[in-house]
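>>> pasted the sequence and its predicted model underneath.
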Amino acid sequence: MKNTALTHIHEALGAKLVPFAGYNMPVTYEGINAEHETVRNRVGVFDVSHMGEFLIEGKNALELIQKVTSNDASKLDVGDAQYSCMPNEDGGIVDDLICYRIKENTYLLVVNASNIEKDWNWISSYNETINAEMKDLSEGYSLLAIQGPKAIEAMQSLTSVDLAEIKFYTFKVANFAGIENVIISATGYTGSGGFEIYCKNDEVEQVWNKVFEAGKDFGIKPIGLAARDTLRLEMGYCLYGNDINDTTSPIEAGLSWITKFTKDFVNCEALAKEKEHKPERRLVAFELDDRGIPRQDYDIVDGNGHKIGVVTSGTMSPSLKKGIGMGYVPRIFAKSGSKIYIQVRKKAIPATVVKLPFYKG
């Protein structure tokens, strides 16, 4: 298992460390519900340095990104970020990612930790004819997610940039916590606002310490991956490996909004047809009507007990105090208000299909 540059700090703070995507990662510090509440109401900090970062540069950089991703990166100005995915040739998804336009011909792709090698090989295979410049920066960079409604107020003293002026899905490259050329990105995976901070591994400990110093009057706390999962699920954000994977299309996953058919990209013709004819199944969100906790891989059944799908993500929502989840079901069950049942051990618990997000803030 690899360590991040901050593993020794997590150990000193008493974090429970678990293997995740090849790294020892903090899953909890004081408990999921307490950490979840910290992010929803104050400000919390995640070490997500296991994520991958690829630099794509040169005059052919945009051409490569346009080919391998579903969203339209030509719409990005310098300082913009964009959520996207990489379709495969069989109707599924290689990975989801964020694309940053750093300079005119320089882009940063941030990919999931468990997919770094797979993604690099996939993009490289298309680059053989396009010849953009590619660099894998994953091993040298750290990433902190500073999330919560108090994030702007708590972090403002660490930079001369007006953090309130950084709009959602835009970023600044600036001095932060005494470190030059830090990416301060108004992005996150929690739905409670805040920033993601990219810096080099030998700089991140200073950033971490100054972040906690600046946030001490705002109730700042370190947060583990378990609360990151409950926070993102309350927003209905897809998790690669759960809700999307090599066999799920962006159309059936509800990601048509990042699938732009105004350009040529991998498998675009088949996905356009799927959108036109409507997919046979859809990823839906549901809330349990009775007590219970839905878990990944639990069966979804109809009123007669026939299996119609599986739960891809599920939890007891700390904010809503009820069981929530997502899963793929046939299109006829996908409409909001539809009744489905979640098989929890021997009991089929009734559930209602709802519109996202679960958590309205």
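In hand now; what should we look at?

>>> which SS state does E205 fall under?
Following DSSP: H, G, I helix; E, B strand; the rest coil, E205 is assigned to helix.

>>> that one contacts I9, correct?
Yes - contact status for E205 versus I9: in contact at 7.1 Å, counting by C-beta atoms under 8 Å. For glycine as for every other residue, the C-beta is placed from the backbone atoms N, C-alpha and C.

>>> which one's more surrounded, those two?
The neighbour comparison of E205 against I9 (other C-beta atoms under 10 Å) goes to I9, with 18 against 15.

>>> quick one: contacts for that one?
E205, W208 (C-beta atoms under 8 Å, 6 or more residues apart in numbering).

>>> so it versus V207, what's the distance?
Remark: distance between I9 and V207 (C-beta to C-beta, to the nearest Å) = 12 Å.

>>> give the residues shared as contacts by these two.
With C-beta under 8 Å, 6+ apart, I9 and V207 have no common neighbours.

>>> chain neighbours aside, what residue packs nearest to C238?
Counting by C-beta to C-beta, 6 or more residues apart in numbering, C238 lies nearest to I244, which is 4.8 Å off, once chain neighbours are set aside.

>>> how about the helices in the stretch 51-200 of the chain?
61-68, 116-130, 151-155 (DSSP state H, counting those that start in this stretch).

>>> now the closest residue to V301 other than its chain neighbours: phi and psi?
Leaving aside its chain neighbours, V301 sits nearest to Y341 (4.8 Å; criterion: C-beta to C-beta, 6+ apart). Y341 adopts backbone torsions of phi -130, psi 140, taken as degrees, to the nearest 10.

>>> so Y341 bridges to which residues?
With DSSP bridges applied, Y341 shows beta-bridge pairing to V301, P350.

>>> how does this structure divide into domains?
Domain ranges of the chain: 7-49+140-234, 52-136, 280-361, per automatic domain parsing.

>>> nearest to H306, out of the helices of the stretch 51-200 of the chain?
helix 116-130 (35.2 Å; C-beta to C-beta).

>>> from the contact counts, what lies against that closest one?
strand 52-57, helix 61-68, strand 81-87, strand 93-103, strand 106-111, strand 133-136 (3 or more C-beta pairs under 8 Å, 6 or more residues apart in numbering; DSSP states H and E).

>>> same list (these) but as TSV, adding mean pLDDT.
Shown next, in TSV, are the helices and strands packed on helix 116-130 (pLDDT from 0 to 100):
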stretch	mean pLDDT
strand 52-57	98
helix 61-68	98
strand 81-87	98
strand 93-103	98
strand 106-111	98
strand 133-136	98
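
>>> now the ones you listed as CSV including mean neighbour count and distance to Q296?
Converted to CSV, the helices and strands packed on helix 116-130 look like this (neighbours: other C-beta atoms under 10 Å; distance: least, C-beta to C-beta, whole Å):
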stretch, mean neighbour count, distance to Q296
strand 52-57, 21, 23
helix 61-68, 22, 28
strand 81-87, 23, 20
strand 93-103, 21, 17
strand 106-111, 22, 22
strand 133-136, 15, 30
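
>>> can I get those in JSON lines with distance to P149?
JSON lines is the format used below for the helices and strands packed on helix 116-130 (distance: least, C-beta to C-beta, whole Å):
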{"stretch": "strand 52-57", "distance to P149": "27"}
{"stretch": "helix 61-68", "distance to P149": "33"}
{"stretch": "strand 81-87", "distance to P149": "20"}
{"stretch": "strand 93-103", "distance to P149": "22"}
{"stretch": "strand 106-111", "distance to P149": "24"}
{"stretch": "strand 133-136", "distance to P149": "35"}
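
>>> between those, which one is closest to S256.
Going by C-beta to C-beta, the one of the helices and strands packed on helix 116-130 nearest S256 is strand 81-87, 11.1 Å.

>>> could you check the angle the closest one makes with strand 106-111?
60 degrees (axes from the mean of the first three to the mean of the last three C-alpha atoms, to 10 degrees).

>>> just the CA coordinates of strand 81-87, formatted as CSV?
Coordinates of each C-alpha in strand 81-87 appear next as CSV, following Å, rounded to 0.1, in the frame of the first residue of the first chain:
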residue,chain,number,x,y,z
ALA,A,81,-13.4,23.3,-14.9
GLN,A,82,-15.7,20.8,-16.4
TYR,A,83,-17.2,17.5,-15.3
SER,A,84,-17.0,14.8,-18.0
CYS,A,85,-16.6,11.1,-18.7
MET,A,86,-14.7,8.9,-21.0
PRO,A,87,-17.0,6.5,-22.9
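
>>> distance check, A132 against I183.
Taken as C-beta to C-beta, the span from A132 to I183 is 20 Å.

>>> ditto for I98
In terms of C-beta to C-beta, I98 sits 11 Å off from I183.
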